[in-house]
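**Student:** Give me the fold of what follows.
(one chain, ligands or ions: 3)
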Amino acid sequence: MSTTTISVTGNDTYDITIGRGILDRVSAALAPGVRKILVVHPPTLAARAAELRDRLLADTADGPREVLLAEIPDAEQGKRIEVAAFCWQVMGQADFTRSDAVIGYGGGSVTDLAGFVAATWLRGVQLIQVPTTVLGLVDAAVGGKTGVNTAEGKNLVGAFWAPSAVVGDLDELASLSPNEATAGFAEVVKAGFIWAPEILDIIEADPTRAVDPTSEEFRRTVELAIDMKAKVVSDDFREAGLREILNYGHTLGHAIEHAERYRWRHGAAISVGMLYAAELSRLAGRLSDAAAERHRTILESLGLPTSYRAGAWPQLLATMQRDKKSRGGMLRFILLDDIAKPTVLQAPDESLLFAAYQEVGA
Ligand SMILES: NC(=O)c1ccc[n+]([C@@H]2O[C@H](COP(=O)([O-])OP(=O)(O)OC[C@H]3O[C@@H](n4cnc5c(N)ncnc54)[C@H](O)[C@@H]3O)[C@@H](O)[C@H]2O)c1
Ligand SMILES: O=C(O)C(=O)C[C@@H](O)[C@H](O)[C@H](O)COP(=O)(O)O
Ligand SMILES: [Zn+2]
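**Tutor:** Residues are numbered from 1 along each chain as shown. Ligands and ions are numbered 1, 2, ... in the order given. Next up, the predicted model:
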């Protein structure tokens, strides 16, 4: 099967390579002169991280290397400042210098944490992202948003720090459970609604094939989603404007994740958040009934959640105030004027926000 390369341009230029059996590209992506490498990984991938270490050690063309493995707690438990401090300690004790590198090998939680460690160690060292989940591949590993959660909310501390390469080996996804693959696929659906309607057509034609990581349909939708993200972050790395569209569904979605103390998968929360944004768009008189209904149908056809506890509204509203798109006390939402026509809604009336929530509250 062929390999696809999608490039991010701008201040930092790098390639996202998508293919099968391409892990050897990780070593090739290291800058000349890298002597020490920290591979950050979750417990689930401990054995495979050791194999990756052995591959990196076997490549001696650029001289000898030291490869350290940093196993971090799973999922959101890994996105804590204490975990970043653990990685800093490992790097400090091994004398990592500015010419050394960090590799994020795992899902989005790992690539976010590894990216943050790379951004902050000595104010920035080389970062290579090797995503192993659908969500990591199509979204988290691309674009250089890195960070950790705080007690008050999701991703509240972080940095923009671009990887120098993203190696997307589809073989890595084979061990994902169908539920995990589907949850991550919510970000592909997002790409369909904000930018690439072809994704929606493919899902509607056959939702089961669309989420199957071995299918051609999956490969096509994933490449469309990555291509969209690469274009957006090439244009607006630091989220001064256009990049905000990538937050479609995230204002409510992040608040649900926080309310659930991260027992919900990110993609599942974003699924409810996207339906909420669609209903808000419809009630604000921007989106047609049919386009809002298309959200519900597509998300449900994939088995993604479309409702959340009705009684949670006051808590969700309070958490949404801390969303990064807020300005002063003013909430801002990414809505749709139509499919693939994202827009911003500033300071919506609380009654409108509540009315939209009644469409997803159960
Ligand atoms: N930086 C960004 O632009 C960006 C974009 C989207 C999401 N995110 C963040 O990504 C995180 C969610 O990422 P995620 O959905 O990948 O979750 P995750 O990283 O928590 O991984 C989900 C689960 O899958 C396991 N896993 C990972 N790879 C596996 C594999 N190949 N086989 C079997 N199991 C595997 C992990 O151990 C974990 O239990 C959230 O924290 C979210 O905020 C960041
Ligand atoms: O890359 C972006 O920009 C995104 O918003 C992508 C989102 O899918 C992702 O979940 C991101 O981490 C959310 O960012 P935040 O700034 O709202 O924390
Ligand atoms: Zn997201």
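**Student:** Would you mark the buried spots in stretch 203-216?
**Tutor:** Ile203, Pro207, Ala210, Val211, Pro213 (16 or more other Cβ atoms under 10 Å). The way it works is simple: take the backbone N, C-alpha and C, and place the C-beta from them, glycine included.
**Student:** Which single one of these is nearest to ligand 1?
**Tutor:** Pro213 (9.8 Å; Cβ to the nearest ligand atom).
**Student:** that older thread, looking at the buried residues of stretch 203-216, which are in helices?
**Tutor:** Ile203, Pro207, Ala210 (DSSP state H).
**Student:** contacting residues around the second one?
**Tutor:** Translated: Pro207. Counting by Cβ atoms under 8 Å, 6 or more residues apart in numbering, Pro207 touches Ile298, Ser301, Leu302.
**Student:** wait, does stretch 302-313 contact ligand 1?
**Tutor:** No: counting by Cβ under 6 Å from any ligand atom, ligand 1 is not contacted by stretch 302-313; separation bottoms out at 12.8 Å.
**Student:** hang on, the earlier thing: turn the ones in helices among the buried residues of stretch 203-216 into CSV, including distance to Ile72 and pLDDT.
**Tutor:** Output for those, formatted as CSV (distance: Cβ to Cβ, whole Å; pLDDT from 0 to 100):
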residue, distance to Ile72, pLDDT
Ile203, 33, 98
Pro207, 33, 98
Ala210, 31, 98
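**Student:** what about stretch 277-293, near ligand 2?
**Tutor:** No: Stretch 277-293 stays clear of ligand 2 (Cβ under 6 Å from any ligand atom), getting no nearer than 12.9 Å.
**Student:** which residues touch the residue of the stretch 51-200 of the chain found nearest ligand 2?
**Tutor:** The minimum distance from the stretch 51-200 of the chain to ligand 2, using Cβ to the nearest ligand atom, falls at Asn155 (3.3 Å). Neighbouring residues of Asn155 by Cβ under 8 Å, 6+ apart: Lys79, Asp112, Lys145, Gly147, Val148, Asn149, His254, Lys324.
**Student:** how many neighbours does the first one have?
**Tutor:** Just to be clear, that refers to Lys79. Lys79 has 26 neighbouring residues, counting by other Cβ atoms under 10 Å.
**Student:** just to revisit the earlier point, ok, so of the contacts of Asn155, who is nearest ligand 1?
**Tutor:** Lys145 (3.8 Å).
**Student:** and that closest one, what are its bridge partners?
**Tutor:** With DSSP bridges as the criterion, Lys145 is bridged to Phe160.
**Student:** Next, the contact list for it, please.
**Tutor:** So Lys145 contacts Asp112, Gly115, Asn155, Gly158, Phe160, Glu239 (Cβ under 8 Å, 6+ apart).
**Student:** Those in helices, which ones?
**Tutor:** Per DSSP H, the contacts of Lys145 map to helices at Asp112, Gly115.
**Student:** could I get the contacts of Lys145 as JSON lines with pLDDT?
**Tutor:** Supplementary listing: the contacts of Lys145 in JSON lines, determined by pLDDT from 0 to 100:
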{"residue": "Asp112", "pLDDT": "98"}
{"residue": "Gly115", "pLDDT": "99"}
{"residue": "Asn155", "pLDDT": "96"}
{"residue": "Gly158", "pLDDT": "98"}
{"residue": "Phe160", "pLDDT": "98"}
{"residue": "Glu239", "pLDDT": "97"}
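**Student:** List the neighbours of stretch 298-316 that are in contact with it.
**Tutor:** Under the contact criterion Cβ under 8 Å, 6+ apart, stretch 298-316 has outside partners 182-183, 185-186, 189, 192, 200, 203-204, 207, 210-211, 252, 255-256, 259, 267-268, 271-272, 274-275, 296, 354, 357-358, 360-362.
**Student:** From these, list the ones also adjacent to ligand 1.
**Tutor:** Within these, those near ligand 1 by Cβ under 6 Å from any ligand atom are Gly267.
**Student:** Would you mind listing which of the contacts of stretch 298-316 are buried?
**Tutor:** 182-183, 185-186, 189, 192, 200, 203, 207, 210-211, 252, 255-256, 259, 267-268, 271-272, 274-275, 296, 357, 360-361.
**Student:** out of those residues, which are inside helices?
**Tutor:** Short answer: the buried ones among the contacts of stretch 298-316 in helices (DSSP H) are 182-183, 185-186, 189, 192, 200, 203, 207, 210, 252, 255-256, 259, 267-268, 271-272, 274-275, 296, 357.
**Student:** Let me see the contact set for Phe185.
**Tutor:** Taking Cβ under 8 Å, 6+ apart, we find Phe185 in contact with Val134, Leu135, Ala210, Val211, Gly267, Leu302, Leu304.
**Student:** returning to what we had before: most neighbours among the contacts of Pro207, which one is it?
**Tutor:** Counting by other Cβ under 10 Å, top hit in the contacts of Pro207: Ile298 with 23 neighbours.
**Student:** Tell me the confidence at that one?
**Tutor:** Ile298 is assigned a predicted lDDT (pLDDT) of 98.
**Student:** That one in helix, strand or coil?
**Tutor:** Look at Ile298: counting by DSSP: H, G, I helix; E, B strand; the rest coil, its state is helix.
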